[in-house]
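A.B. asks: Structure for this input, please:
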Amino acid sequence: MSRLNPHLSRPAYARLLKAGVNKKSFGFTLLEMLIVVFIIGIILSMATLSTGPQQYRLLKEEAQRITTLMSLARQESILEAQELAFALNDKTYQFQVFDGKTWLSLADDEVLRERQLPSNMVLEVNLYGETITFTSDNSETDDGDTESEEEEDENRIRILFLSSGEVTPFELFLRYDDQDQGLLVKGDMMGNFTIIEEDEL
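C.D. replies: Numbering: from 1, shown residues only. The predicted structure is shown next:
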């Protein structure tokens, strides 16, 4: 004979039994837990999909900015009869002018000034048949010190814009460090710059 719950009247207890529910059946079933996990998975996948296009848009903006600045630098090198360079390290990129002895930053040039690399962006540069990878790192070193300007400049690679109009041929692949997809910027000796999107590679 069933024991009655002292907190339930006989009619209420009978209704619970008729509905197939007793005092031991409260809680989540396996099916309910699977449904919750499924919903969480959908939410996470939607968040990932929404982040992807945003990152790709930022990559494209950066690639367009770089090619536009390179075109302007090439024109200036011809008009001013100067040798310029696109200088890149793992923190920044800038344009420099050669004064006959060394490369100097165009710090006072509002257009060709130094710019920070976007956080977590990776730039792979193919120059003279060699590929060099730069991962954006704007943090301080472990001991709290930052590199000197001389040390940073020594670590830069340079794409040259000669006063004759010639440009160092290069390939510059842009992506984020958590993704393999990206954009390719190509420049030839004649100063033609092209952005190649992922589906065209």
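A.B. asks: I'd say residue 123 and residue 159 touch.
C.D. replies: No. Proximity of residue 123 to residue 159 does not meet the contact threshold set by C-beta atoms under 8 Å, at 11.8 Å. C-betas here are computed from N, CA, C, even on glycine.
A.B. asks: Common neighbours of those two, please.
C.D. replies: Common contact partners of residue 123 and residue 159 (C-beta atoms under 8 Å, 6 or more residues apart in numbering): residue 88.
A.B. asks: And the helices in the protein?
C.D. replies: Per DSSP state H, the chain carries helices over the ranges 10-18, 30-79, 149-154.
A.B. asks: In space, what's closest to residue 172 - neighbours in sequence excluded?
C.D. replies: Nearest residue to residue 172 in three dimensions, chain neighbours excluded: residue 185, at 4.2 Å (C-beta to C-beta, 6 or more residues apart in numbering).
A.B. asks: Look up which residues are beta-bridged to the one you found.
C.D. replies: Applying DSSP bridges to residue 185 yields these beta-bridge partners: residue 172, residue 195.
A.B. asks: Might one say that it is in contact with residue 197?
C.D. replies: No. Using C-beta under 8 Å, residue 185 is not in contact with residue 197; the gap is 10.8 Å.
A.B. asks: which of those two has more neighbours?
C.D. replies: Shown here are residue 185 and residue 197; by other C-beta atoms under 10 Å, residue 185 has more neighbours (21 against 14).
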